[in-house]
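Chemist: A predicted structure for the sequence below; I have some questions about it.
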Amino acid sequence: MTTLPAQTEKKLGLVIDLDTCVGCHACVISCKGWNTENYGAPLSDQNAYGADNSGTFLNRVHSFEVQPDDGAAQLIHFPKSCLHCEDAPCVTVCPTGASYKRVEDGIVLVNESNCIGCGLCAWACPYGARELDQAEGVMKKCTLCVDRIYNENLPEEDRQPACVRTCPAGARHFGDLGDATSDVSKLVAERGGMDLMPEQGTKPVNQYLPPRPKDDMPEFDVLAPFLAPVAEEPKGFLSWLDKTLEKL
């Protein structure tokens with residue numbers, strides 16, 4: 001069995017804004033593209049264009065409609081990937097030591113050459129964040145694009161996970177959540193960032209920013225006058241045109 005480090009030098013992770021995510025799946029596609037062409041074995045697809053298709057993804061987006069008791073219904077888009085937990089059960093359950101957590105940055109990775117595809121880590125993960133690649137027979141998971149964030153051959157602005165770099169809505173943020181002065185830590189403090197399923201005791205590094213009720217946001221009050229109809233009834237030429245078109 002693999003042991004977890006007593007502590008890590010950094011806690012690199014993602015902060016995902018559920019209020020901003022529009023469910024476009026750009027993060028899913030960019031993640032699939034980068035991780036198929038770079039780190040580890042490719043992410044395979046089976047019968048990709050058939051009726052019974054399947055494939056391996058490190059990041060997925062689920063959508064839910066919620067109806068608060070005292071507010072308007074909202075469609076919430078919920079991206080899900082590995083949360084790089086401090087107390088990661090997927091690591092301690094691994095019989096070969098293939099799953100491990102790095103001391104230098106806290107990223108949880110899989111050494112695919114040691115993975116036997118037993119699936120114990122997938123059973124242990126309470127978030128369903130691991131997937132067995134059917135073609136390669138090894139477990140796959142989010143790596144936080146470890147082969148990208150440290151790549152000095154890339155421009156500095158590209159040294160972040162592909163999903164973060166791609167998100168058109170700016171809903172994904174990357175940084176050191178172990179540093180209270182980092183931008184991601186400040187964002188979590190300001191918006192009340194939360195753990196996913198804290199009752200599991202895994203201490204996930206990734207944080208989620210909760211959605212805000214849309215009908216309570218002040219900017220809608222500012223826009224309201226501009227959204228009102230220009231006129232209740234058409235007048236002049238528009239009135240004549242409207243009546244003429246009705247006769248056609």
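Modeler: That came through, no problem. Numbers count the residues shown, from 1 in each chain.
Chemist: nearest residue to the middle of this structure?
Modeler: The residue lying closest to the centre of the chain (Cα atoms, centre = their mean) is Pro79, at 3.6 Å.
Chemist: which parts of this structure are strands?
Modeler: Assigned by DSSP state E, the chain shows strands spanning 12-17, 45-46, 54-55, 60-66, 74-80, 99-101, 108-110, 131-133, 138-140, 172-176, 207-209.
Chemist: for those strands, give me CSV that also has mean pLDDT and distance to Cys27.
Modeler: Every residue, glycine included, has its C-beta placed from N, CA and C. Putting the strands of the chain into CSV (pLDDT from 0 to 100; distance: least, Cβ to Cβ, whole Å) gives the following:
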stretch, mean pLDDT, distance to Cys27
strand 12-17, 98, 9
strand 45-46, 94, 18
strand 54-55, 94, 16
strand 60-66, 93, 7
strand 74-80, 93, 6
strand 99-101, 97, 23
strand 108-110, 97, 19
strand 131-133, 95, 16
strand 138-140, 95, 16
strand 172-176, 98, 6
strand 207-209, 97, 14
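Chemist: now do the same contact list for Glu86.
Modeler: Residues near Glu86 by Cβ atoms under 8 Å, 6 or more residues apart in numbering: Leu4, Thr8, Lys11, Gly106, Thr202, Lys203, Pro204, Val205.
Chemist: actually Gln134, sorry about that
Modeler: Applying Cβ under 8 Å, 6+ apart, the residues near Gln134 are Ser44, Gln46, Ser54, Thr56.
Chemist: how far away is it from Gly117?
Modeler: Between Gln134 and Gly117 the computed distance is 10 Å (Cβ to Cβ, to the nearest Å).
Chemist: follow-up on the earlier one: indicate which one of the strands of the chain is closest to Ser182.
Modeler: Nearest to Ser182, of all the strands of the chain, is strand 172-176, at 4.7 Å by Cβ to Cβ.
Chemist: what helices or strands is the closest one leaning on?
Modeler: The helices and strands touching strand 172-176, judged by 3 or more Cβ pairs under 8 Å, 6 or more residues apart in numbering; DSSP states H and E, are strand 12-17, helix 162-166, helix 183-191.
Chemist: any idea which of those is most buried?
Modeler: For those, the largest average neighbour count (mean count of other Cβ atoms under 10 Å) is found in strand 12-17, namely a mean of 25.
Chemist: and the angle from it to helix 183-191?
Modeler: Calculated by axes from the mean of the first three to the mean of the last three Cα atoms, to 10 degrees, strand 12-17 forms an angle of 40 degrees with helix 183-191.
Chemist: give me the beta-bridge partners of the residue nearest to the centre of the chain?
Modeler: Taking DSSP bridges as the rule, Pro79 bridges to Val61.
Chemist: list the contacts of it.
Modeler: Neighbours of Pro79 in contact, by Cβ under 8 Å, 6+ apart: Ile16, Cys21, Cys27, Asn59, Arg60, Val61, Cys163, Ala171, Arg172.
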